[in-house]
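*Asks:* After the sequence you'll find the predicted model.
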Amino acid sequence: MNTQQRLDGTDAQILLALSAEPRATVVALAERLGLSRNTVQARLAKMERGSALGAFERRITPSALGYPLTAFVTARVDQHRLAEVSTALAGIAEVVEVFGLSGDTDLLVRVVAADAEDLYRVAGRILDIPGIERTTTALAMRELVPHRLTPLLRRADTSGDRRHHPGHR
């Protein structure tokens, strides 16, 4: 169950400004938004503690590390072995995300690979995990909508003042 505190409009303004200028200092953010330095600093600290801000590694592209292929592996799992399967998947470096699903498929596993042969190897490692009953692999041909939260941040920004947000029309 998610008990994370919900962000308010001021938090959204700070995150939008930070998204537009990721290297901005707390002082620069405060000036840009018309907030006190202490307010910005306290809210950023609260968001970090509350897990509202994700890991920096999310910004690193796998292709920059030599893994240009992305694939999605769906898996059916023996439910009694789900914890064991999750641990084994976390032990495969090329597995970058795993989601538990409802419905006929139990897991959605996002993997990266250097080439088709590497993908074949990774898919085989996943299938070899005790508790994995069946897998299907689909190669991502291209990313049509990249990971994004800016539209949701804009919706959460209740200030109505869009001047602070570059790119807003």
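*Replies:* Noted; the coordinates are in hand.
*Asks:* For the residue nearest the centre of the chain, give me its contacts.
*Replies:* The centroid of the chain falls nearest to Arg58 when counting by C-alpha atoms, centre = their mean (5.9 Å). In this structure, Arg58 makes contact with His147, judged by C-beta atoms under 8 Å, 6 or more residues apart in numbering. (C-beta placed from N, C-alpha, C; glycine too.)
*Asks:* helix/strand/coil for it?
*Replies:* When the structure is split into helix, strand and coil by DSSP: H, G, I helix; E, B strand; the rest coil, Arg58 lands in helix.
*Asks:* Looking at the nearest residue to Asp106 once chain neighbours are set aside now. What's its pLDDT?
*Replies:* With C-beta to C-beta, 6 or more residues apart in numbering as the criterion, Asp106 has its nearest non-adjacent residue at 4.3 Å, and that residue is Val77. On pLDDT, Val77 comes in at 97.
*Asks:* On the strand side of things, show who Val77 bridges to.
*Replies:* Beta-bridge partners recorded for Val77 (DSSP bridges): Ile132.
*Asks:* still on that earlier bit, distance of the residue nearest to the centre of the chain relative to Arg148?
*Replies:* Separation of Arg58 from Arg148 (C-beta to C-beta, to the nearest Å) stands at 12 Å.
*Asks:* Equivalent analysis for Ala75, please.
*Replies:* Where Arg148 is concerned, Ala75 sits at a distance of 27 Å (C-beta to C-beta).
*Asks:* Compare the two (neighbour count), which wins?
*Replies:* Neighbour count, other C-beta atoms under 10 Å: between Ala75 and Arg148, Ala75 has more, with 23 against 9.
*Asks:* these two touch, right, the more buried one and Gly131?
*Replies:* No - taking contacts as C-beta atoms under 8 Å, Ala75 lies outside contact range of Gly131: 9.3 Å.
*Asks:* between the two, what contacts are shared?
*Replies:* With C-beta under 8 Å, 6+ apart, Ala75 and Gly131 have common neighbours Val85.
*Asks:* sec struct for Ile92, please.
*Replies:* Relying on three-state DSSP, one would call Ile92 coil.
*Asks:* The spatially closest residue to it that is not a sequence neighbour: how many residues sit nearby?
*Replies:* Leaving aside its chain neighbours, Ile92 sits nearest to Arg125 (5.7 Å; criterion: C-beta to C-beta, 6+ apart). Neighbour count of Arg125, defined by other C-beta under 10 Å: 16.
*Asks:* Fine by me, thanks again.
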